[in-house]
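> got a sequence here, can you model it:
(2 chains)
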Amino acid sequence: MLPKAFRHAPWPPPEVVLYWLGFTWMEMEKDLGPSAGPDADLSSRGFGCSLRHFACEQNLLSRPDGSASFLQGDTSVLVGVYGPAEVKVSKEIFNKATLEVILKPKIGLPGVAEKSRERLIRNTCEAVVLGTLHPRTSITIVLQIVSDAGSLLACCLNAACLALVDAGVPMKALFCGVTCVLDPDGGLVLDPTAKQEKEARAILTFALDSTEQKLLMSTTKGLYSVAEFQQCLAAAQHASHHIFRFYRDSLQRRYSKS
Amino acid sequence: TQDPALRGQSGPGSGPRLARTMLGQVVLPGEELLLPESAGPNAEGSAEQMLRLGSIVRPRARVVCGPGLRRCGDRLLVTKCGRLRHKEPGGGGGGGVYWVDSQQKRYVPVKGDHVIGIVTAKSGDLFKVDVGGSEPASLSYLAFEGATKRNRPNVQVGDLIYGQFVVANKDMEPEMVCIDSNGRANGMGVIGQDGLLFKVTLGLIRKLLAPECEIIQEIGKLYPLEIVFGMNGRIWVKARTIQQTLILANVLEACEHMTTEQRKQIFSRLSES
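Numbers count the residues shown, from 1 in each chain, chains lettered A, B, ... in the order given. You can find the predicted model right below:
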(Lines give C-alpha, C1' and ligand atoms only; values in the text may rest on other atoms or scores of the structure.)
Protein backbone atom coordinates (compact mmCIF):
# COMPACT_ATOMS: atom_id res chain seq x y z
CA MET A 1 0.00 0.00 0.00
CA LEU A 2 2.86 2.34 0.74
CA PRO A 3 4.78 3.94 -2.09
CA LYS A 4 7.86 1.90 -2.89
CA ALA A 5 10.27 4.67 -2.02
CA PHE A 6 9.06 4.67 1.54
CA ARG A 7 9.40 0.95 2.05
CA HIS A 8 13.15 1.18 1.73
CA ALA A 9 13.78 4.58 3.24
CA PRO A 10 16.12 4.14 6.23
CA TRP A 11 15.03 7.26 8.06
CA PRO A 12 12.92 9.35 8.30
CA PRO A 13 10.29 6.74 8.91
CA PRO A 14 7.16 7.53 6.88
CA GLU A 15 4.59 9.44 8.79
CA VAL A 16 2.16 6.62 8.72
CA VAL A 17 -1.01 7.06 10.57
CA LEU A 18 -2.97 3.91 10.26
CA TYR A 19 -5.85 3.84 12.58
CA TRP A 20 -8.70 1.52 12.35
CA LEU A 21 -11.91 2.78 13.71
CA GLY A 22 -14.11 -0.13 14.57
CA PHE A 23 -17.20 1.94 14.94
CA THR A 24 -20.57 0.45 14.17
CA TRP A 25 -24.03 1.74 13.99
CA MET A 26 -24.83 -0.29 17.10
CA GLU A 27 -22.52 1.93 19.12
CA MET A 28 -24.21 5.01 17.81
CA GLU A 29 -27.58 3.63 18.79
CA LYS A 30 -26.34 3.14 22.30
CA ASP A 31 -25.00 6.68 22.41
CA LEU A 32 -28.25 8.12 21.25
CA GLY A 33 -29.84 7.39 24.59
CA PRO A 34 -33.48 7.80 25.45
CA SER A 35 -33.59 11.51 24.56
CA ALA A 36 -32.76 11.01 20.92
CA GLY A 37 -36.22 12.16 19.84
CA PRO A 38 -36.82 11.98 16.10
CA ASP A 39 -33.63 10.01 15.53
CA ALA A 40 -34.99 7.11 17.49
CA ASP A 41 -36.91 6.29 14.36
CA LEU A 42 -33.64 5.58 12.60
CA SER A 43 -32.39 3.09 15.09
CA SER A 44 -35.70 1.32 15.38
CA ARG A 45 -35.30 0.08 11.83
CA GLY A 46 -32.71 -2.31 13.10
CA PHE A 47 -30.47 -2.43 10.06
CA GLY A 48 -26.85 -3.43 10.39
CA CYS A 49 -25.24 -0.36 8.95
CA SER A 50 -21.88 1.06 9.84
CA LEU A 51 -19.12 3.32 8.67
CA ARG A 52 -16.39 1.24 7.13
CA HIS A 53 -12.84 1.24 8.41
CA PHE A 54 -10.94 4.50 8.04
CA ALA A 55 -7.26 4.92 7.49
CA CYS A 56 -5.21 7.90 6.52
CA GLU A 57 -1.64 8.85 5.86
CA GLN A 58 -0.39 12.42 5.66
CA ASN A 59 2.67 13.98 4.11
CA LEU A 60 3.44 10.92 2.00
CA LEU A 61 4.42 12.79 -1.15
CA SER A 62 7.55 14.91 -1.23
CA ARG A 63 6.79 17.34 -4.03
CA PRO A 64 3.41 18.84 -3.09
CA ASP A 65 3.08 21.25 -0.16
CA GLY A 66 0.57 18.96 1.47
CA SER A 67 -0.61 15.46 0.72
CA ALA A 68 -2.83 12.81 2.18
CA SER A 69 -4.29 9.48 1.28
CA PHE A 70 -7.59 8.45 2.73
CA LEU A 71 -9.13 5.01 2.83
CA GLN A 72 -12.74 4.22 3.54
CA GLY A 73 -13.18 0.49 3.32
CA ASP A 74 -11.78 -0.37 -0.11
CA THR A 75 -12.23 3.15 -1.48
CA SER A 76 -8.96 5.01 -1.59
CA VAL A 77 -8.02 8.50 -2.75
CA LEU A 78 -4.63 10.18 -2.90
CA VAL A 79 -4.48 13.98 -2.73
CA GLY A 80 -1.76 16.54 -3.26
CA VAL A 81 -2.19 20.23 -2.42
CA TYR A 82 -0.05 23.00 -3.88
CA GLY A 83 -0.38 26.44 -2.44
CA PRO A 84 -0.44 29.33 -1.91
CA ALA A 85 1.50 29.31 -5.17
CA GLU A 86 1.92 31.40 -8.28
CA VAL A 87 -1.23 31.89 -10.34
CA LYS A 88 -1.83 32.41 -14.04
CA VAL A 89 -2.80 36.00 -14.80
CA SER A 90 -6.02 34.85 -16.47
CA LYS A 91 -7.11 33.03 -13.31
CA GLU A 92 -5.94 35.65 -10.83
CA ILE A 93 -8.53 36.99 -8.40
CA PHE A 94 -7.46 40.30 -6.89
CA ASN A 95 -8.90 39.84 -3.41
CA LYS A 96 -8.68 36.12 -2.73
CA ALA A 97 -6.92 32.91 -3.61
CA THR A 98 -7.96 30.97 -6.71
CA LEU A 99 -9.00 27.47 -5.75
CA GLU A 100 -8.53 24.77 -8.36
CA VAL A 101 -9.55 21.15 -8.02
CA ILE A 102 -8.39 18.45 -10.39
CA LEU A 103 -9.87 14.98 -10.08
CA LYS A 104 -8.03 12.22 -11.90
CA PRO A 105 -9.92 8.99 -12.50
CA LYS A 106 -8.20 5.67 -12.04
CA ILE A 107 -8.17 4.95 -15.77
CA GLY A 108 -8.81 7.12 -18.79
CA LEU A 109 -9.48 10.79 -19.14
CA PRO A 110 -11.70 12.82 -16.81
CA GLY A 111 -15.27 13.07 -18.06
CA VAL A 112 -18.40 14.92 -17.09
CA ALA A 113 -18.83 13.00 -13.84
CA GLU A 114 -15.33 13.99 -12.70
CA LYS A 115 -15.87 17.62 -13.68
CA SER A 116 -19.07 17.69 -11.67
CA ARG A 117 -17.34 16.20 -8.63
CA GLU A 118 -14.48 18.67 -9.01
CA ARG A 119 -16.94 21.51 -8.79
CA LEU A 120 -18.65 20.07 -5.71
CA ILE A 121 -15.30 19.63 -3.96
CA ARG A 122 -14.18 23.11 -4.98
CA ASN A 123 -17.35 24.72 -3.65
CA THR A 124 -16.95 22.87 -0.36
CA CYS A 125 -13.32 23.91 0.00
CA GLU A 126 -14.11 27.50 -0.90
CA ALA A 127 -16.55 27.63 1.99
CA VAL A 128 -13.88 26.79 4.58
CA VAL A 129 -10.57 27.99 3.14
CA LEU A 130 -9.66 31.54 4.17
CA GLY A 131 -8.69 32.62 0.67
CA THR A 132 -8.62 36.32 1.50
CA LEU A 133 -5.42 35.81 3.48
CA HIS A 134 -3.52 34.97 0.29
CA PRO A 135 -4.86 37.15 -2.52
CA ARG A 136 -3.55 36.64 -6.07
CA THR A 137 -2.33 33.15 -5.38
CA SER A 138 -3.56 29.73 -6.38
CA ILE A 139 -4.37 26.74 -4.23
CA THR A 140 -4.46 23.61 -6.34
CA ILE A 141 -5.92 20.36 -5.06
CA VAL A 142 -5.16 17.30 -7.17
CA LEU A 143 -7.10 14.16 -6.32
CA GLN A 144 -6.14 10.79 -7.73
CA ILE A 145 -8.66 7.99 -7.37
CA VAL A 146 -6.79 4.87 -6.37
CA SER A 147 -9.77 2.58 -6.01
CA ASP A 148 -13.49 3.14 -6.01
CA ALA A 149 -15.59 0.84 -3.87
CA GLY A 150 -18.45 3.18 -3.05
CA SER A 151 -18.80 6.57 -1.29
CA LEU A 152 -16.16 8.01 -3.57
CA LEU A 153 -17.13 11.66 -3.24
CA ALA A 154 -17.17 11.45 0.57
CA CYS A 155 -13.72 9.87 0.51
CA CYS A 156 -12.47 12.61 -1.85
CA LEU A 157 -13.75 15.28 0.52
CA ASN A 158 -12.12 13.68 3.55
CA ALA A 159 -8.83 13.27 1.75
CA ALA A 160 -8.92 16.86 0.46
CA CYS A 161 -9.52 18.17 3.97
CA LEU A 162 -6.58 16.28 5.45
CA ALA A 163 -4.31 17.37 2.60
CA LEU A 164 -5.31 21.03 3.07
CA VAL A 165 -4.53 20.73 6.79
CA ASP A 166 -1.19 19.13 5.95
CA ALA A 167 -0.35 21.96 3.55
CA GLY A 168 -1.07 24.52 6.28
CA VAL A 169 -3.69 26.35 4.24
CA PRO A 170 -5.63 28.60 6.64
CA MET A 171 -9.16 27.30 7.17
CA LYS A 172 -12.21 28.41 9.10
CA ALA A 173 -13.06 24.86 10.05
CA LEU A 174 -12.44 21.27 9.05
CA PHE A 175 -14.94 19.47 6.86
CA CYS A 176 -15.87 15.89 6.12
CA GLY A 177 -17.99 14.05 3.60
CA VAL A 178 -20.59 11.41 4.44
CA THR A 179 -22.57 9.37 1.93
CA CYS A 180 -25.94 7.86 2.75
CA VAL A 181 -28.11 5.57 0.64
CA LEU A 182 -31.77 4.68 0.94
CA ASP A 183 -32.68 1.06 0.16
CA PRO A 184 -35.73 0.27 -1.98
CA ASP A 185 -37.34 -1.09 1.22
CA GLY A 186 -36.71 2.15 3.12
CA GLY A 187 -33.56 1.27 5.06
CA LEU A 188 -30.75 3.76 5.53
CA VAL A 189 -27.11 2.81 5.00
CA LEU A 190 -24.18 5.07 5.84
CA ASP A 191 -20.95 4.90 3.90
CA PRO A 192 -22.26 2.42 1.29
CA THR A 193 -20.19 0.06 -0.80
CA ALA A 194 -20.41 0.15 -4.61
CA LYS A 195 -22.90 -2.73 -4.55
CA GLN A 196 -25.14 -0.96 -2.06
CA GLU A 197 -24.96 2.20 -4.15
CA LYS A 198 -26.07 0.31 -7.25
CA GLU A 199 -29.07 -1.23 -5.53
CA ALA A 200 -30.11 1.97 -3.77
CA ARG A 201 -33.21 4.02 -4.38
CA ALA A 202 -31.41 7.27 -3.56
CA ILE A 203 -27.84 8.33 -2.84
CA LEU A 204 -27.16 11.44 -0.76
CA THR A 205 -23.74 12.91 -0.06
CA PHE A 206 -23.22 15.66 2.48
CA ALA A 207 -20.26 17.82 3.39
CA LEU A 208 -20.32 19.03 6.98
CA ASP A 209 -18.13 21.47 8.86
CA SER A 210 -16.50 20.68 12.18
CA THR A 211 -17.63 23.63 14.27
CA GLU A 212 -21.38 23.22 14.20
CA GLN A 213 -21.82 20.22 11.87
CA LYS A 214 -23.54 22.59 9.47
CA LEU A 215 -24.19 21.56 5.90
CA LEU A 216 -21.62 22.88 3.44
CA MET A 217 -22.66 20.94 0.36
CA SER A 218 -25.16 18.27 -0.54
CA THR A 219 -25.67 16.31 -3.69
CA THR A 220 -28.35 13.73 -4.23
CA LYS A 221 -29.49 11.25 -6.82
CA GLY A 222 -32.76 9.31 -6.82
CA LEU A 223 -36.14 9.59 -5.18
CA TYR A 224 -36.66 10.44 -1.52
CA SER A 225 -39.03 12.41 0.65
CA VAL A 226 -38.21 15.51 2.70
CA ALA A 227 -38.44 13.50 5.90
CA GLU A 228 -35.99 10.95 4.53
CA PHE A 229 -33.58 13.71 3.56
CA GLN A 230 -33.70 15.04 7.12
CA GLN A 231 -33.11 11.55 8.49
CA CYS A 232 -30.10 11.09 6.27
CA LEU A 233 -28.71 14.47 7.26
CA ALA A 234 -29.14 13.68 10.95
CA ALA A 235 -27.40 10.33 10.48
CA ALA A 236 -24.58 12.03 8.57
CA GLN A 237 -24.17 14.58 11.35
CA HIS A 238 -23.83 11.78 13.89
CA ALA A 239 -21.30 10.01 11.72
CA SER A 240 -19.35 13.24 11.22
CA HIS A 241 -18.50 13.34 14.95
CA HIS A 242 -16.66 10.08 14.53
CA ILE A 243 -14.88 11.25 11.40
CA PHE A 244 -13.75 14.44 13.12
CA ARG A 245 -12.58 12.44 16.10
CA PHE A 246 -10.60 10.29 13.71
CA TYR A 247 -9.08 13.46 12.15
CA ARG A 248 -8.07 14.66 15.58
CA ASP A 249 -6.51 11.36 16.57
CA SER A 250 -4.53 11.07 13.35
CA LEU A 251 -3.34 14.69 13.46
CA GLN A 252 -2.34 14.30 17.09
CA ARG A 253 -0.29 11.25 16.16
CA ARG A 254 1.39 13.20 13.41
CA TYR A 255 2.38 16.00 15.73
CA SER A 256 3.31 13.75 18.65
CA LYS A 257 6.66 13.03 16.99
CA SER A 258 7.85 16.61 16.78
CA THR B 1 -29.72 16.22 19.66
CA GLN B 2 -25.95 16.18 19.81
CA ASP B 3 -24.33 13.30 21.48
CA PRO B 4 -23.20 14.47 24.91
CA ALA B 5 -20.61 11.72 25.22
CA LEU B 6 -18.97 12.87 22.02
CA ARG B 7 -19.26 16.54 22.70
CA GLY B 8 -17.62 16.18 26.07
CA GLN B 9 -14.65 14.48 24.49
CA SER B 10 -11.99 15.93 22.32
CA GLY B 11 -14.17 16.41 19.26
CA PRO B 12 -13.43 19.63 17.39
CA GLY B 13 -17.03 20.61 17.87
CA SER B 14 -16.61 20.84 21.62
CA GLY B 15 -16.97 24.25 23.20
CA PRO B 16 -14.20 26.82 23.35
CA ARG B 17 -11.48 26.16 25.86
CA LEU B 18 -9.15 28.46 27.70
CA ALA B 19 -6.07 29.21 25.61
CA ARG B 20 -3.81 28.67 28.61
CA THR B 21 -4.97 25.13 29.19
CA MET B 22 -4.24 24.21 25.56
CA LEU B 23 -0.59 25.35 25.47
CA GLY B 24 1.68 22.78 23.83
CA GLN B 25 -1.27 20.72 22.66
CA VAL B 26 -2.40 20.08 19.10
CA VAL B 27 -5.12 22.44 17.94
CA LEU B 28 -7.17 22.01 14.76
CA PRO B 29 -8.66 24.58 12.40
CA GLY B 30 -12.06 25.77 13.53
CA GLU B 31 -11.40 25.47 17.24
CA GLU B 32 -12.03 28.52 19.36
CA LEU B 33 -9.84 29.51 22.27
CA LEU B 34 -10.90 31.72 25.13
CA LEU B 35 -8.48 34.31 26.35
CA PRO B 36 -8.11 34.55 30.07
CA GLU B 37 -10.16 37.54 31.12
CA SER B 38 -7.79 40.11 32.46
CA ALA B 39 -7.54 39.21 36.09
CA GLY B 40 -7.88 42.90 36.80
CA PRO B 41 -4.73 44.68 37.91
CA ASN B 42 -4.77 45.15 41.64
CA ALA B 43 -6.61 48.16 42.90
CA GLU B 44 -3.69 50.43 43.65
CA GLY B 45 -2.00 49.63 40.35
CA SER B 46 -5.01 50.65 38.37
CA ALA B 47 -5.48 53.77 40.47
CA GLU B 48 -1.92 54.74 39.73
CA GLN B 49 -2.49 54.15 36.06
CA MET B 50 -5.61 56.28 36.20
CA LEU B 51 -3.64 59.11 37.69
CA ARG B 52 -0.91 58.90 35.14
CA LEU B 53 -2.81 58.21 32.00
CA GLY B 54 -6.04 60.00 32.77
CA SER B 55 -8.90 58.37 30.98
CA ILE B 56 -6.72 56.18 28.75
CA VAL B 57 -6.70 52.89 30.60
CA ARG B 58 -6.21 49.74 28.64
CA PRO B 59 -9.02 47.38 29.51
CA ARG B 60 -6.90 44.25 29.31
CA ALA B 61 -3.46 42.94 28.55
CA ARG B 62 -2.36 43.11 24.94
CA VAL B 63 -2.65 39.82 23.09
CA VAL B 64 -0.91 39.32 19.77
CA CYS B 65 -2.12 36.65 17.33
CA GLY B 66 0.74 34.91 15.57
CA PRO B 67 0.60 32.54 12.60
CA GLY B 68 -2.36 30.17 12.54
CA LEU B 69 -4.62 32.28 14.75
CA ARG B 70 -7.23 34.92 14.07
CA ARG B 71 -9.04 37.26 16.33
CA CYS B 72 -12.79 36.89 16.39
CA GLY B 73 -14.36 39.06 19.04
CA ASP B 74 -12.81 38.20 22.40
CA ARG B 75 -11.79 34.76 21.19
CA LEU B 76 -9.01 33.27 19.13
CA LEU B 77 -9.96 31.21 16.10
CA VAL B 78 -7.48 28.54 15.06
CA THR B 79 -6.87 28.36 11.29
CA LYS B 80 -3.96 25.92 11.09
CA CYS B 81 -3.16 22.58 12.62
CA GLY B 82 -0.23 22.41 15.01
CA ARG B 83 0.87 22.90 18.57
CA LEU B 84 -0.30 26.01 20.38
CA ARG B 85 2.56 28.13 21.71
CA HIS B 86 2.67 31.18 23.90
CA LYS B 87 5.26 33.77 24.79
CA GLU B 88 4.86 35.98 27.83
CA PRO B 89 5.34 39.67 27.19
CA GLY B 90 8.55 41.23 28.44
CA GLY B 91 6.94 43.11 31.28
CA GLY B 92 5.02 40.12 32.64
CA GLY B 93 1.31 40.19 33.27
CA GLY B 94 -1.29 38.64 30.99
CA GLY B 95 -1.42 38.75 27.24
CA GLY B 96 1.65 38.06 25.15
CA VAL B 97 1.95 36.31 21.84
CA TYR B 98 0.02 33.18 20.89
CA TRP B 99 0.81 31.21 17.76
CA VAL B 100 0.45 27.78 16.19
CA ASP B 101 3.60 25.81 15.45
CA SER B 102 2.74 23.94 12.26
CA GLN B 103 4.69 21.66 9.94
CA GLN B 104 4.27 23.16 6.53
CA LYS B 105 6.42 23.24 3.44
CA ARG B 106 5.17 26.30 1.57
CA TYR B 107 6.75 29.58 2.58
CA VAL B 108 4.81 32.83 2.85
CA PRO B 109 7.09 35.92 2.96
CA VAL B 110 7.24 37.74 6.29
CA LYS B 111 8.87 41.12 6.81
CA GLY B 112 12.26 40.84 8.45
CA ASP B 113 12.80 37.15 7.62
CA HIS B 114 16.21 36.09 6.35
CA VAL B 115 15.82 33.82 3.34
CA ILE B 116 17.84 32.11 0.62
CA GLY B 117 16.65 33.02 -2.86
CA ILE B 118 17.63 32.05 -6.38
CA VAL B 119 18.03 34.83 -8.96
CA THR B 120 15.69 34.02 -11.84
CA ALA B 121 15.87 37.18 -13.96
CA LYS B 122 17.71 40.46 -14.38
CA SER B 123 15.59 43.34 -15.60
CA GLY B 124 16.95 46.86 -15.64
CA ASP B 125 17.88 47.78 -12.11
CA LEU B 126 16.00 44.92 -10.45
CA PHE B 127 16.69 41.26 -9.89
CA LYS B 128 13.82 38.79 -9.60
CA VAL B 129 14.52 36.30 -6.84
CA ASP B 130 12.64 33.04 -6.29
CA VAL B 131 12.14 32.56 -2.57
CA GLY B 132 9.56 29.77 -2.68
CA GLY B 133 6.60 32.07 -2.09
CA SER B 134 3.68 32.70 -4.41
CA GLU B 135 5.55 35.31 -6.44
CA PRO B 136 9.21 36.18 -6.95
CA ALA B 137 10.70 38.87 -4.73
CA SER B 138 12.38 41.91 -6.21
CA LEU B 139 15.89 42.92 -5.26
CA SER B 140 17.42 46.24 -6.27
CA TYR B 141 21.03 46.19 -7.47
CA LEU B 142 21.67 49.09 -5.09
CA ALA B 143 20.70 46.95 -2.09
CA PHE B 144 24.16 45.39 -1.82
CA GLU B 145 27.06 46.54 0.32
CA GLY B 146 29.21 49.03 -1.50
CA ALA B 147 26.99 49.13 -4.58
CA THR B 148 26.58 52.41 -6.40
CA LYS B 149 25.06 53.39 -9.74
CA ARG B 150 28.44 52.97 -11.31
CA ASN B 151 29.67 50.02 -9.27
CA ARG B 152 27.15 47.26 -9.91
CA PRO B 153 27.30 44.05 -7.90
CA ASN B 154 28.28 40.94 -9.79
CA VAL B 155 25.06 38.92 -9.68
CA GLN B 156 24.19 36.38 -12.38
CA VAL B 157 20.97 34.51 -13.08
CA GLY B 158 21.08 31.29 -11.06
CA ASP B 159 23.10 32.74 -8.18
CA LEU B 160 22.01 32.14 -4.61
CA ILE B 161 21.19 35.20 -2.55
CA TYR B 162 20.97 35.41 1.23
CA GLY B 163 18.87 38.43 2.07
CA GLN B 164 16.18 39.94 4.20
CA PHE B 165 12.63 41.05 3.44
CA VAL B 166 11.91 44.77 3.86
CA VAL B 167 8.50 44.64 2.22
CA ALA B 168 6.34 41.55 2.62
CA ASN B 169 2.60 41.67 2.84
CA LYS B 170 -0.20 39.89 1.11
CA ASP B 171 -1.08 42.77 -1.20
CA MET B 172 2.36 43.78 -2.45
CA GLU B 173 5.28 42.24 -4.27
CA PRO B 174 7.86 41.19 -1.68
CA GLU B 175 11.10 43.15 -1.71
CA MET B 176 14.48 41.95 -0.49
CA VAL B 177 17.70 43.67 0.46
CA CYS B 178 21.18 42.37 1.17
CA ILE B 179 22.23 45.13 3.56
CA ASP B 180 21.18 46.01 7.08
CA SER B 181 20.02 49.44 8.19
CA ASN B 182 23.64 50.61 8.47
CA GLY B 183 24.41 49.72 4.87
CA ARG B 184 26.59 46.76 5.93
CA ALA B 185 26.35 43.30 4.36
CA ASN B 186 26.25 41.62 7.77
CA GLY B 187 26.60 38.16 6.25
CA MET B 188 24.08 38.78 3.49
CA GLY B 189 24.71 38.88 -0.24
CA VAL B 190 25.58 36.38 -2.94
CA ILE B 191 26.40 32.91 -1.62
CA GLY B 192 29.66 31.65 -3.10
CA GLN B 193 30.31 28.78 -5.46
CA ASP B 194 30.08 25.09 -4.55
CA GLY B 195 28.09 23.92 -1.57
CA LEU B 196 24.71 22.24 -1.63
CA LEU B 197 21.24 23.76 -1.40
CA PHE B 198 18.37 21.62 -0.18
CA LYS B 199 14.91 22.10 1.19
CA VAL B 200 13.42 21.07 4.51
CA THR B 201 10.12 21.88 6.22
CA LEU B 202 9.65 25.28 7.78
CA GLY B 203 9.19 23.67 11.19
CA LEU B 204 12.67 22.14 11.05
CA ILE B 205 14.22 25.49 10.12
CA ARG B 206 12.58 27.14 13.11
CA LYS B 207 13.81 24.32 15.33
CA LEU B 208 17.37 24.65 14.03
CA LEU B 209 17.40 28.44 14.37
CA ALA B 210 16.08 28.37 17.93
CA PRO B 211 18.63 29.79 20.36
CA GLU B 212 21.00 27.14 21.73
CA CYS B 213 19.82 24.46 19.33
CA GLU B 214 21.64 21.21 20.21
CA ILE B 215 21.64 19.90 16.65
CA ILE B 216 23.66 22.84 15.37
CA GLN B 217 26.18 22.57 18.19
CA GLU B 218 26.63 18.85 17.58
CA ILE B 219 26.96 19.31 13.82
CA GLY B 220 29.60 21.95 14.38
CA LYS B 221 31.69 19.40 16.28
CA LEU B 222 31.39 16.84 13.48
CA TYR B 223 33.10 18.59 10.56
CA PRO B 224 34.26 22.12 9.86
CA LEU B 225 31.48 23.60 7.77
CA GLU B 226 29.81 26.67 6.36
CA ILE B 227 26.05 26.71 6.65
CA VAL B 228 23.24 29.15 5.82
CA PHE B 229 19.64 28.75 6.97
CA GLY B 230 16.82 30.54 5.16
CA MET B 231 13.49 30.91 6.90
CA ASN B 232 11.91 29.78 3.61
CA GLY B 233 13.01 26.22 4.32
CA ARG B 234 16.24 26.30 2.32
CA ILE B 235 19.58 25.26 3.75
CA TRP B 236 22.91 25.79 2.02
CA VAL B 237 25.79 23.78 3.38
CA LYS B 238 29.42 23.40 2.40
CA ALA B 239 32.07 21.24 4.02
CA ARG B 240 35.64 20.36 3.00
CA THR B 241 34.70 17.50 0.71
CA ILE B 242 31.60 16.66 -1.27
CA GLN B 243 31.17 13.51 0.78
CA GLN B 244 31.06 15.45 4.03
CA THR B 245 28.65 17.97 2.52
CA LEU B 246 26.29 15.18 1.52
CA ILE B 247 26.50 13.55 4.95
CA LEU B 248 25.68 16.85 6.63
CA ALA B 249 22.72 17.45 4.31
CA ASN B 250 21.33 13.97 4.95
CA VAL B 251 21.77 14.28 8.71
CA LEU B 252 20.02 17.66 8.79
CA GLU B 253 17.16 16.37 6.67
CA ALA B 254 16.71 13.38 8.93
CA CYS B 255 16.86 15.39 12.18
CA GLU B 256 13.20 16.25 11.86
CA HIS B 257 11.98 12.75 12.59
CA MET B 258 14.62 11.59 15.04
CA THR B 259 14.43 11.53 18.80
CA THR B 260 17.33 12.98 20.76
CA GLU B 261 18.73 9.50 21.46
CA GLN B 262 18.59 8.38 17.84
CA ARG B 263 20.35 11.57 16.87
CA LYS B 264 23.08 11.14 19.49
CA GLN B 265 23.63 7.57 18.23
CA ILE B 266 24.05 8.69 14.64
CA PHE B 267 26.34 11.54 15.56
CA SER B 268 28.61 9.29 17.61
CA ARG B 269 28.71 6.77 14.76
CA LEU B 270 29.63 9.52 12.30
CA SER B 271 32.34 10.98 14.47
CA GLU B 272 33.94 7.52 14.83
CA SER B 273 34.09 6.89 11.09
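> pLDDT below threshold where in the stretch 1-150 of chain B?
Residue ranges of the stretch 1-150 of chain B with pLDDT under 70: B:1-14, B:37-60, B:91-94.
> strands of that one, start to end?
B:17-18, B:26-27, B:32-34, B:63-65, B:69-72, B:75-78, B:82-87, B:96-101, B:114-123, B:126-130, B:137-140 (DSSP state E, counting those that start in this stretch).
> closest one to chain A among the ones you listed?
Among the strands of the stretch 1-150 of chain B, strand B:26-27 comes nearest to chain A, with 4.7 Å by C-beta to the nearest C-beta. To be clear about C-beta, it is placed using only N, CA and C from the backbone, and glycine gets the same treatment.
> contacts for the closest one, please.
A:248, A:251, A:252, A:255, A:256, B:33, B:78, B:81, B:82, B:83, B:84, B:100 (C-beta atoms under 8 Å, 6 or more residues apart in numbering or on different chains).
> report the beta-bridge partners for residue A:102.
According to DSSP bridges, the partner residues bridging residue A:102 are residue A:142.
> most tightly surrounded among the strands of the stretch 1-150 of chain B?
strand B:26-27 (a mean of 25; mean count of other C-beta atoms under 10 Å in any protein chain shown).
> run the chain-centre distance for that strand.
19 Å (C-alpha atoms, centre = their mean, to the nearest Å).
> cool, stretch B:184-193 as well?
That offset, for stretch B:184-193, works out to 20 Å (C-alpha atoms, centre = their mean).
> stretch A:84-94 now?
That offset, for stretch A:84-94, works out to 26 Å (C-alpha atoms, centre = their mean).
> next, the buried residues of it.
Under the neighbour-count criterion of 16 or more other C-beta atoms under 10 Å in any protein chain shown, stretch A:84-94 has A:84, A:85, A:87 buried.
> of those, which are in range of chain B?
Intersecting those with the contacts of chain B gives A:84, A:85, A:87 (criterion: C-beta under 8 Å from any C-beta of the partner chain).
> give me the helices and strands touching the helix or strand hosting residue A:179, please.
Assigned by DSSP states H and E, residue A:179 falls within strand A:175-182. Judged by 3 or more C-beta pairs under 8 Å, 6 or more residues apart in numbering or on different chains; DSSP states H and E, the packing partners of strand A:175-182 are helix A:112-128, helix A:152-167, strand A:188-190, helix A:194-199, strand A:202-209, helix A:226-256.
> 10 Å instead?
If you count contacts as 3 or more C-beta pairs under 10 Å, 6 or more residues apart in numbering or on different chains; DSSP states H and E, strand A:175-182 packs onto strand A:66-72, helix A:112-128, helix A:152-167, strand A:188-190, helix A:194-199, strand A:202-209, strand A:215-222, helix A:226-256.
> could you give the angle of the longest one to strand B:82-87?
Here helix A:226-256 points in a direction 60 degrees away from that of strand B:82-87 (axes from the mean of the first three to the mean of the last three C-alpha atoms, to 10 degrees).
> put together TSV for the buried residues of stretch A:84-94, with pLDDT on each row.
As requested, the buried residues of stretch A:84-94 are exported to TSV (pLDDT from 0 to 100):
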residue	pLDDT
A:84	93
A:85	94
A:87	94
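> return the subset of these lying in strands.
A:84, A:85 (DSSP state E).
> follow-up on the earlier one: reformat the strands of the stretch 1-150 of chain B as JSON lines; add distance to residue A:228.
Below are those laid out as JSON lines (distance: least, C-beta to C-beta, whole Å):
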{"stretch": "strand B:17-18", "distance to residue A:228": "37"}
{"stretch": "strand B:26-27", "distance to residue A:228": "37"}
{"stretch": "strand B:32-34", "distance to residue A:228": "34"}
{"stretch": "strand B:63-65", "distance to residue A:228": "44"}
{"stretch": "strand B:69-72", "distance to residue A:228": "36"}
{"stretch": "strand B:75-78", "distance to residue A:228": "35"}
{"stretch": "strand B:82-87", "distance to residue A:228": "41"}
{"stretch": "strand B:96-101", "distance to residue A:228": "41"}
{"stretch": "strand B:114-123", "distance to residue A:228": "56"}
{"stretch": "strand B:126-130", "distance to residue A:228": "55"}
{"stretch": "strand B:137-140", "distance to residue A:228": "56"}
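> help me confirm that residue B:139 comes into contact with residue B:127.
Yes. Contact status for residue B:139 versus residue B:127: in contact at 4.4 Å, counting by C-beta atoms under 10 Å.
> what do the two both touch?
B:117, B:119, B:153, B:155, B:161, B:176 (C-beta atoms under 10 Å, 6 or more residues apart in numbering or on different chains).
> as JSON lines, the residues you listed with distance to residue B:260 would be great.
Shown next, in JSON lines, are the shared contacts of residue B:139 and residue B:127 (distance: C-beta to C-beta, whole Å):
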{"residue": "B:117", "distance to residue B:260": "33"}
{"residue": "B:119", "distance to residue B:260": "38"}
{"residue": "B:153", "distance to residue B:260": "43"}
{"residue": "B:155", "distance to residue B:260": "41"}
{"residue": "B:161", "distance to residue B:260": "34"}
{"residue": "B:176", "distance to residue B:260": "36"}
